[in-house]
Every structure is written in structure tokens, then in C-alpha cells.
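Trainee: this is a predicted model, with the sequence first.
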Amino acid sequence: MKSAIAGLFLFVLVIVLWSSVYTISETDQAILTQLDKPIGGVVSDPGLHVKVPFIQNVHRFDKRWLEFNGEANEIPTKDKKYIWVDTYGRWRIADPLRFYQAVRDERGGQGRLDDIIDGKTRDSVARYDLIEVVRSTNRSFEATEEIEGIGSPEARAEVKVGRETIAQEILTASAEITPQFGVELVDVRFKRINYVDSVQRTVFDRMITERRRIAERSRSEGQGRAAEIRGRKERDVMAASSVGYRQAQEIKGQADAEATAIYANAYNRDVDFYQFLKSMETLDASLDDKAWLILSTDSELLRYLKRSEAR
């Protein structure tokens, strides 16, 4: 019986001791609450610490810089361009006690930051034209067909403020509010800026139209260039053909002259034989095996045939 009581006492003692101590890591800071009310100061020294068991509770908060990732919001610019603006930032819990009293935990802090930064982003973006929110400098663009044809007035507009300055303006305005919640806000940036869906379709349609126009112009220039090349080719071919035809005619003329000279020599050697040979060639070219030939008595062919029979 005594051993059971001693064991129970020891068990209760262990639980009490376990509930009486807590540890703080290098990356944490904490506050103690008693009956849901903060007591004491901020505990930031890493190591083992003591508290009243069962009555006091430990609330830990991160010392490190935390990431804020806002939701994209539809915001109109000064020139009535509706855009989606998505922001992000860096913050930390500078005063854990005030942070706990104002928002309780990191989720509450994220929600409060979202309200503050979203409101200041709306105020700042609405005071400037779209080009100021998108661009940061007045650096010159290379003159290309795309810039010439698509949004050239907007692309060439002068930037007086710029995206970086607007982001800094949002940070400054938001950082003036966050300390009352125990939060130090160190950075706010634009993560993404985009047109709303209806404006996107209009912009894309215009881009498609402009690129089709550029493509048609390129095709037209290509066709003109191709026609020029084909014309030059045909001219070169005709010039080459003309030279070849002239040389061929010269060769043919020389051959005809030589053939005529040969025929003349042959004719002068034996006039009758030459006339007979030419007559046979004519006869052979004019008749076939089934043809009938009717000659008059004074025909030159008949005269040659009779002479051959007489021999």
C-alpha cells in the first residue's frame, strides 16, 4: 500500500516538475500567460526556464523574418486599367506581447498584414497610371516592329515615379501601422501584375492582329523578293539560252557548209550517179512495201529504172 502511494506521489511529482519547466530555442521568443492574461516580460534567452505549473501557459513566437504572401486583388489604375496585383513582403514579430494581445498568433498576424498591405496597395496603385506601376525606368527600347505596332504610345510614355517607388510608398505607409500590432514590416514588393481576363483578351487579340499584319508584310516582301529572283533567273536563263542558240546555229551553219561542200564535190565527180542516188533516197522516203507507184514515160525515175534494166 505504501509502495503504491509512493509510486503515485512520484508520478504526480514528475508531472508537476515537467509542467514547471519549458525550453526556448535560439529561433523562438515567448510570453507567459496566467488565466489568459500576459504576465512578466518577453522571454528570449534560449535554454531552460521555469513557470507555475497548470496555471501559466507558454506562447512561443518566431524571432526570424517571416514571409508575407498576399492574395491577388483586382485594382483599377488612374487611367482606368483594371489589373491583378499580387504582392509579397518580409516581416517579423518585434514585440511579442503586443503581438499576442493584438492578433494572438502568426495566422492572425498574416491576416492583419493582408488587410493593411492590400489597402495601401489599392490606394497607391489607384493614384498612378498603369505604365508607372509596370515600369521602373525610362530606359530606351530598341526599335522593333513589335514595339512600333503594339502599344507604342504606352511603351514610350515617360515614367515619372516607377514601380520601385510605388512599392516603397506602400511599404512606408504600411510600416507606420504595423508597429501597433507588434509587427516590423521591412519589405513589400510587387510579385505579379497582370490584366484582368477581359482586358487580357482584348490585348491578346490586338497582339494577334498586329503580328498577322507583320507576317503578311513579311510574306509580301518575301513574295516580291522571290519574284525578283525568279525574274533574274529567267533573264539569266534566256541570256544563256541565247548564247547557246547562237553557238548552235553557228555550228549548224558550219556543218551545213561542209555538207554542201561535200555534196558539191560528190556531184561534180559523177552527176548522173548523184542524181540517181538522190532520186532513190526520195523514192525510199516516200513509199513503203504496200505502196503502188505510177510513173509517166518521161519521168526521171522511170528513166533510171529502164537504164538499169537495159544494163
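Mentor: Structure's in. What do you need? Keep in mind it's a predicted model, so treat the numbers as computed, not measured.
Trainee: can I get the host helix or strand of residue 13 in PDB, CA atoms only?
Mentor: Using DSSP states H and E, residue 13 maps to helix 2-20. This file holds the C-alpha atoms of helix 2-20, laid out as PDB (Å, rounded to 0.1, in the frame of the first residue of the first chain):
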ATOM      1  CA  LYS A   2       2.800   2.400   1.000                       C
ATOM      2  CA  SER A   3       4.700   1.500  -2.200                       C
ATOM      3  CA  ALA A   4       1.600   2.300  -4.300                       C
ATOM      4  CA  ILE A   5       1.200   5.600  -2.600                       C
ATOM      5  CA  ALA A   6       4.900   6.400  -3.100                       C
ATOM      6  CA  GLY A   7       4.600   5.500  -6.700                       C
ATOM      7  CA  LEU A   8       1.600   7.700  -7.200                       C
ATOM      8  CA  PHE A   9       3.300  10.600  -5.400                       C
ATOM      9  CA  LEU A  10       6.400  10.100  -7.600                       C
ATOM     10  CA  PHE A  11       4.200  10.200 -10.700                       C
ATOM     11  CA  VAL A  12       2.500  13.400  -9.700                       C
ATOM     12  CA  LEU A  13       5.800  14.900  -8.800                       C
ATOM     13  CA  VAL A  14       7.200  14.100 -12.200                       C
ATOM     14  CA  ILE A  15       4.100  15.600 -13.900                       C
ATOM     15  CA  VAL A  16       4.400  18.800 -11.800                       C
ATOM     16  CA  LEU A  17       8.100  19.100 -12.500                       C
ATOM     17  CA  TRP A  18       7.500  18.500 -16.200                       C
ATOM     18  CA  SER A  19       4.800  21.200 -16.200                       C
ATOM     19  CA  SER A  20       7.000  23.600 -14.300                       C
END
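Trainee: so which bits of that helix are buried?
Mentor: Buried residues in helix 2-20, counting neighbours by 16 or more other Cβ atoms under 10 Å, are absent. Yep, even glycine has a C-beta here, placed from its N, CA and C like the rest.
Trainee: in the stretch 1-150 of the chain, where is pLDDT below threshold?
Mentor: Residues of the stretch 1-150 of the chain meeting the criterion pLDDT under 70: 1, 9, 11, 14, 141-150.
Trainee: all helices of it, in order?
Mentor: 2-20, 96-103, 106-125, 130-134, 145-149 (DSSP state H, counting those that start in this stretch).
Trainee: identify the residues contacting residue 35.
Mentor: Contacts for residue 35 (Cβ atoms under 8 Å, 6 or more residues apart in numbering) come out as residue 55.
Trainee: give me phi/psi at it?
Mentor: phi 60, psi 40 (degrees, to the nearest 10).
Trainee: next: residue 189.
Mentor: Dihedral pair for residue 189: phi -140, psi 160, per degrees, to the nearest 10.
Trainee: so residue 227 is in which element?
Mentor: Using DSSP H and E, residue 227 sits within helix 197-269.
Trainee: hang on, isn't residue 121 packed against residue 77?
Mentor: No. In this structure, residue 121 is not within contact of residue 77 by Cβ atoms under 8 Å, at 11.8 Å.
Trainee: which one of those two has more residues nearby?
Mentor: Shown here are residue 121 and residue 77; by other Cβ atoms under 10 Å, residue 121 has more neighbours (24 against 20).
Trainee: no more questions from me, cheers.
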